[in-house]
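below are the sequence and a predicted model for it; my questions follow.
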Amino acid sequence: MNIKYFFRNLYMRKKIMLLLLFQAIVYIFLLMNLFSMAMFKSNFIKNYKENFPLENGAYIKDGIDSEKLEKEIEKVREFINYVENNKNIKSYRLSVIKRLSTEEFKINTDKFKQQYNIDMNYKDFIPVYKLNYGYYSEIEKHIYGSGFKKEDFDKDNEVTPVILGEIYKKDYKLGDIIANDDKSLKFKVVGFLKKNILFLHGSNPAQSTESSEKSFIIPLTKTFLNEENFMLPHSMKDMVFTFNDDLDNSTVIKEITDKGKELGMDLEIDNFYDSLNIFLEDIDVQIRFESMKVLIYTILSFGVFTISFIYLINNRKREVGILYSLGASKKNIIFMFSLDMVFVISIAYLISIPIYMYFGQTIIFFFINDFNIINLGVPFIIMLFISLFCLVIPINNIIKLKPNELIRGK
C-alpha cells in the first residue's frame, strides 16, 4: 500500500481517528495500572517471604522505651545475651542504622533511582547497617565476594570491611578502599549484594521496610555492643527472631516477653502474618477498584470502537468498490483496514507510555512502579486484540457486498 495514500486517508478522517486515539490511550493507561498493581502484589509477597521468617519467626513491634533504656544500657545487653543463648531461638537480627555523608566520602548518588518513598535523603546521606553475625549468616548466600569473616564481628578494625548494595557495582570493585577526606574512617569492599534485601525499620514489616540496594553493610562487633552506646535501645525496635523448627511460636514469644518484663521492658512481639494480611487486604481493595474501572472501560471500548469502525468503513464503501474493480482481493481489503487500526493503537501505545511513567509512578503507598515487558507490553496486546475483534462485524458487512454495490454506496 502506498504510504502517501495511507496517511491521506487517516488525515481525511482525523476527527474520528483522534477519538479512537484518545479512547485507546486512556484504556491502555488503565490496563498498565492494573497490571502493575497485580505484579506488585505478587512480587511483594515473594520478597516478604524471602526476607522475613513467616512460619517460625516474630519481631518486636513495640514496648521499647528507648530514652529510658539509654540510661539502663546493661539491661539491653542482658536481653541481647539472653536471646543469643536461648536454645529455642535459631538466630536473631539486630541492626543498627547510621548515616554516611555522601559528600565526605565522595559517593556519587546522581543516578540513584528511588524505589521506596521513605524519609531517607539519599542525595546527602546513605544508610549504613551494622548487622550482627546471626543476621549476616541469613543473607550470606546473597553476597558476591568473600564477605565477612566470623572474627570481623569480634572487634572494630582500623579498616572496616563493608558489603555494598547492588547499585554500587559499577562504581566500586572488590578490594577498593572508600575513605573520608582525613582518612579517619576507611571501608574495604569485601562483597556486593546479589539481590535486594529488605530491612525492617518500624513497627509494621509490610510497610516499614527499607531497600538495601543503596546501603553499606558492616559488622556489628562485640566491641560496639559492649560500649555505652545510646543506639542499641533504638535498634531493639527492629529486632527479629527466627525460632527453631517444630516449636510452638507463642510459647517462645511468651518466654521472650517474660524476660523483657523481668528487665522492665513491656515488649509487644508479633508474628509476620498479621501485618502481611492487613496490607494485602488494602492492596486487594485497590486491585478490585482498578479491575472495575478496566471492566467498565472495556465494555465502553467495545462499543465505541465497533461503532467507530462501522462509521469509518461505511464511509469508504466507494473506495473499497474501486479497489475491488482494480483487482484487490478480500485479503487486501482486510489488511488495509487492519493496518489503519494497528497504526492508531501503536500511536496510542507510544503516547500512553510516557503518560503512564509520569502519572502512574506511585501505584500504592511507598512503592514506585517498575517498568517491564508485562505491565508495558501486555496492555498493548490486549488493546490490539479488542480492536481486531471490533473490526470483525464492520469488515464482514462490507466484504459481502459486490463491487457495483459498494461503488453506488455513500
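Looks like it came in fine.

could you use CA atoms for every contact and neighbour count after this?
Will do.

against residue 335, how distant is residue 318?
Distance, residue 318 to residue 335, by C-alpha to C-alpha, to the nearest Å: 17 Å.

who has more neighbours out of the two?
When neighbours are counted by other C-alpha atoms under 10 Å, residue 318 comes out ahead of the other of residue 318 and residue 335, with 19 against 13.

can you tell me the helix or strand for the closest residue to that one other than its chain neighbours?
Spatially, and ignoring its direct neighbours in sequence, residue 318 is nearest to residue 407 (4.2 Å; C-alpha to C-alpha, 6 or more residues apart in numbering). Using DSSP states H and E, residue 407 maps to helix 403-408.

report the mean confidence score over that helix.
Averaging pLDDT along helix 403-408 yields 68.

do the same with stretch 156-172
pLDDT averaged over stretch 156-172 gives 89.

check stretch 130-140 too.
Across stretch 130-140, the average pLDDT comes to 87.

quick one: contacts of that stretch?
91-98, 147, 150, 153, 217-221 (C-alpha atoms under 8 Å, 6 or more residues apart in numbering).

in stretch 75-82, which residues are buried?
For stretch 75-82, a neighbour-count test (16 or more other C-alpha atoms under 10 Å) marks 75-77, 79-80 as buried.

any idea of the pLDDT on residue 200?
79.

how about the helices in the protein?
3-12, 14-51, 66-70, 73-85, 133-139, 222-226, 231-235, 249-262, 272-314, 317-325, 330-359, 373-399, 403-408 (DSSP state H).

those helices: which one's closest to residue 196?
helix 14-51 (8.8 Å; C-alpha to C-alpha).

next, format the helices of the chain as a markdown table and append distance to residue 158.
Below are those laid out as a markdown table (distance: least, C-alpha to C-alpha, whole Å):
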| stretch | distance to residue 158 |
| --- | --- |
| helix 3-12 | 71 |
| helix 14-51 | 31 |
| helix 66-70 | 27 |
| helix 73-85 | 25 |
| helix 133-139 | 19 |
| helix 222-226 | 13 |
| helix 231-235 | 21 |
| helix 249-262 | 35 |
| helix 272-314 | 38 |
| helix 317-325 | 83 |
| helix 330-359 | 46 |
| helix 373-399 | 47 |
| helix 403-408 | 89 |
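
lowest average pLDDT across those?
helix 3-12 (a mean of 55).

tell me how far the closest residue to residue 243 other than its chain neighbours lies from residue 220.
Sequence neighbours aside, residue 89 is the residue nearest to residue 243 in space, at 4.4 Å (criterion: C-alpha to C-alpha, 6+ apart). For residue 89, the distance to residue 220 equals 19 Å [C-alpha to C-alpha].

looking at the two, which one has more neighbours?
Higher neighbour count among residue 89 and residue 220: residue 220, with 23 against 19, using other C-alpha under 10 Å.

tell me which residues touch the more buried one, please.
So residue 220 contacts 95-96, 130-133, 153 (C-alpha under 8 Å, 6+ apart).

so which of those is the most crowded?
residue 95 (28 neighbours).

quick one: contacts for that residue?
Residue 95 makes contact with 129-132, 220, 235, 238-239 under the criterion C-alpha under 8 Å, 6+ apart.

ok, what's across the strand from it?
residue 131 (DSSP bridges).

mind pulling up the pLDDT for it?
82.

now it: how far from residue 383?
Taken as C-alpha to C-alpha, the span from residue 95 to residue 383 is 48 Å.

using the record's assignment, carve this structure into domains.
Domains of the chain are assigned by automatic domain parsing as 3-47+276-408, 56-271.

tell me the contacts of the closest residue to residue 261 other than its chain neighbours?
With C-alpha to C-alpha, 6+ apart as the criterion, residue 261 has its nearest non-adjacent residue at 7.4 Å, and that residue is residue 267. Applying C-alpha under 8 Å, 6+ apart to residue 267 gives the contacts 60-64, 257, 260-261.

who wins on neighbours among the residues you listed?
residue 60 (23 neighbours).

that one against residue 272, yeah?
No: counting by C-alpha atoms under 8 Å, residue 60 does not reach residue 272; the two are 10.5 Å apart.

this completes my enquiry, with thanks.
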